[in-house]
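Asker: Can you look at this prediction? I've put the sequence above it.
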Amino acid sequence: MTNQSPEELSQNIQKLRRFIENRVGKAIGDYKMIEDGDTVMVCLSGGKDSYTLLDVLLALRKRAPIDFRIIAMNLDQKQPGFPAEVLPNYLEKLGVEYRIVTQDTYSIVKEKVPEGKTTCSLCSRLRRGIIYKTASELGANKIALGHHRDDIVHTLFLNMLFGGKLKAMPPKLVTDNGDYMVIRPLAYVPEADIIRYARGVGFPIIPCNLCGTQENLQRQKIREMMADWDARYPGRTESVMTAIQNVVPSHLGDRSLFDFEGLQMGNADAIPGGGDIAFDSESFDTEPCETPTVDDQPQVITFGKSPVR
């Protein structure tokens, strides 16, 4: 992009923005993430993902046939060097409602976690409690997080390879205390497009050294594995994301999801996914999915039951 004129750069960013908006709108519609009357608290860290999330949700709200409230929320964890003025200045200029919560979780984590150990577990628990409390104070019923498609796929492999679970990161799920709904509107958006968009728009990015930058983090190993895989076999991440949305419990092994013990011989067509094909190999109708190119034409975006253009 650096070799392009400002006019060309602007046009490309506008196309990319429409592409991201289309994907976010589709995710919102597919999972009914936002409904009329919702108050959505957008967790803003100062990173590329949360900036993009807030930016796109504000744009979609202007065109939505429903009324919902957006409040940006940032947790200042008092990490050394954190520029506390950046987000308030940005949000003031943007004219969006916001709440900055200051809690010195950084010192607590550093005190409790031995040097060299990853800090994610404790840090996550502390942040979760603060986020829930803030959502309650603001009257929010939805908590929007900036996890994207690649985060979801990485979580799947993280749980498979290190946790022995076939579990990813849901686009929408009720919180563990049952009081709020967590949504991930960027679920269909590739990280590479978010990086390009954030650079093109020029968000005031705040570097974070609390979580994903830890070298000994298992997630970092998965990220490197997937980057190498995608470089050699383009489209594989998109294929895995598609697979997450097309699960066939009868062809796995979890007895809590499928009644293997109660199976009877008879009509195999009644089994979701069909009966066992024994020694025959699987046939695939299509090549591995690839991320669509940026579409210059706006598509229909759905909030609940009402379409938006």
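Answerer: Done, it's in.

Asker: Quick check: the residue found closest to Gly200 once you drop the neighbours it is linked to in the chain vs Arg196, distance?
Answerer: The shortest distance from Gly200 to any non-neighbouring residue, by CB to CB, 6 or more residues apart in numbering, is to Ile13 (3.9 Å). For the C-beta atoms, the positions are set from N, CA and C on the backbone; glycine is no exception. Between Ile13 and Arg196 the distance, using CB to CB, to the nearest Å, works out to 8 Å.

Asker: next one: Leu186
Answerer: Distance from Leu186 to Arg196, counting by CB to CB: 14 Å.

Asker: Who has more neighbours out of the two?
Answerer: Leu186 (30 against 18; other CB atoms under 10 Å).

Asker: returning to that earlier point: just how off-centre is the host helix or strand of the residue nearest to Gly200 within its chain?
Answerer: Ile13 is part of helix 6-31, with elements assigned from DSSP states H and E. Going by CA atoms, centre = their mean, to the nearest Å, the spacing between the C-alpha centre of helix 6-31 and its chain's C-alpha centre is 16 Å.

Asker: which helices and strands sit right next to that helix?
Answerer: helix 48-63, helix 191-201, strand 301-303 (3 or more CB pairs under 8 Å, 6 or more residues apart in numbering; DSSP states H and E).

Asker: One more pass at 10 Å, please.
Answerer: Helices and strands touching helix 6-31, by 3 or more CB pairs under 10 Å, 6 or more residues apart in numbering; DSSP states H and E, are helix 48-63, strand 172-174, strand 181-183, helix 191-201, strand 301-303, strand 306-308.

Asker: And those, which one averages the lowest pLDDT?
Answerer: Ranked by mean pLDDT, these end with strand 306-308 at the bottom, a mean of 44.

Asker: What strands line up against the following helix or strand past the helix holding Ile13, and which way round?
Answerer: As assigned by DSSP H and E, the chain's next helix or strand after helix 6-31 is strand 39-43. Here strand 39-43 is paired, per DSSP bridges, with strand 69-76 (parallel), strand 142-144 (parallel).

Asker: what's strand 39-43 in contact with?
Answerer: For strand 39-43, the surrounding residues in contact (CB atoms under 10 Å, 6 or more residues apart in numbering) are 33-34, 50, 53-55, 57-58, 61, 68-75, 96-99, 127, 131, 134-135, 137-146, 180-183, 185.

Asker: rerun at 8 Å
Answerer: Strand 39-43 is contacted from outside by 34, 50, 53-54, 57, 68-75, 131, 134-135, 138-146, 183, using CB atoms under 8 Å, 6 or more residues apart in numbering.

Asker: same thing with stretch 245-265?
Answerer: Residues outside stretch 245-265 that contact it (CB under 8 Å, 6+ apart) are 166, 271-273.

Asker: List the buried residues in the helix holding Ile13.
Answerer: Residues of helix 6-31 classed as buried: 12-13, 16-29, 31 (neighbour count, 16 or more other CB atoms under 10 Å).

Asker: the inter-axis angle of that helix versus helix 191-201?
Answerer: 140 degrees (axes from the mean of the first three to the mean of the last three CA atoms, to 10 degrees).
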